[in-house]
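J.: here you go, sequence then predicted model.
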Amino acid sequence: SEHGTVTGNAPDSEFEMAVGKVLEDLGYQYEPQVGVAGFFIDIGVCHPDRPGEFLLGVECDGAAYHSSRSVRDRDRLRQEILESKGWYIHRIWSTSWFHTRAAEVDRLRDTIKERLEEDRVHRPLSEDVFHEETEPADIPVLSQAIERELIRESLKEALERFWQVNIKPMYPARERSVLSETMIRVLTSRTPLNQAQWHRAIPMDLRTQIEPGETQFLDDVFEVIAEYE
């Protein structure tokens, strides 16, 4: 995989700290918040055979993301970019971790073992692997503007998909929808996360033309937006 950048940042949550402790108990070193291609991977598992390399990345997804009705593709594009760089991503849902921890630990251990065995088959170590002086690989970093545009485009797709799956069957009139094409453009630009922000961000003429029954979906819409922030 493309070399990740050790940022020195602390784990982003107690959940990530708990996963890191388990990795240590399993005998693996790790780095939190590894930078790759302009993004951050929650946990990079250090390659036990190759100092300075990562064997795989672990993403720790919270309960809100797990239960979302947005087809759970908050970072589909992000993951595609990471995988195109050679990274294997192992996801752990917080709800599964806290309710069936033993099973999740087994799954994590098995995944690491499989990845390591596969890597050893495809990249056998030479005797002088630790003695070669190599220059660190340049890591392409996306500008903040490009990264934001990618996120905005993914959010647009998620909102569009939410309308197709959840709203359209009940309220097919798109022009009056809480997720009309015009509304989606405003939402991806201003990203309100609650009712108060919604009233400040969305012009009154847009709000007043919404089909009244569709206001039941607002909290779900805010949840979708929050996953891209």
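T.: Nice, thanks for sending it over.

J.: now do stretch 106-120: everything it contacts.
T.: Applying CB atoms under 8 Å, 6 or more residues apart in numbering, the external contacts of stretch 106-120 come out as 19, 22-23, 26, 28, 45, 47-49, 55-56, 58, 88, 90, 92. C-betas here are computed from N, CA, C, even on glycine.

J.: widest-spaced pair of these?
T.: For the contacts of stretch 106-120, the farthest-apart pair by CB to CB is 49 and 92; their separation is 23.8 Å.

J.: of these two, give the one with the bigger neighbour count.
T.: The neighbour comparison of residue 49 against residue 92 (other CB atoms under 10 Å) goes to residue 92, with 23 against 15.

J.: wait, the more buried one touches residue 58, no?
T.: Yes. Counting by CB atoms under 8 Å, residue 92 does reach residue 58; the two are 6.5 Å apart.

J.: find the residues that touch each one of these two.
T.: Residues touching both residue 92 and residue 58 (CB under 8 Å, 6+ apart): 19, 108.

J.: do you know the pLDDT at residue 87?
T.: Looking at residue 87, its pLDDT is 89.

J.: number the chain from 372, please
T.: New numbering, starting at 372: the last item is residue 458.

J.: do I have it right that it meets residue 428?
T.: Yes. With contacts counted by CB under 8 Å, residue 458 reaches residue 428, the gap being 5.3 Å.

J.: can you tell me which of the contacts of stretch 477-491 are buried?
T.: Among the contacts of stretch 477-491, those scoring as buried are 390, 393-394, 399, 416, 418, 426-427, 429, 459, 461, 463 (criterion: 16 or more other CB atoms under 10 Å).

J.: lovely, talk soon.
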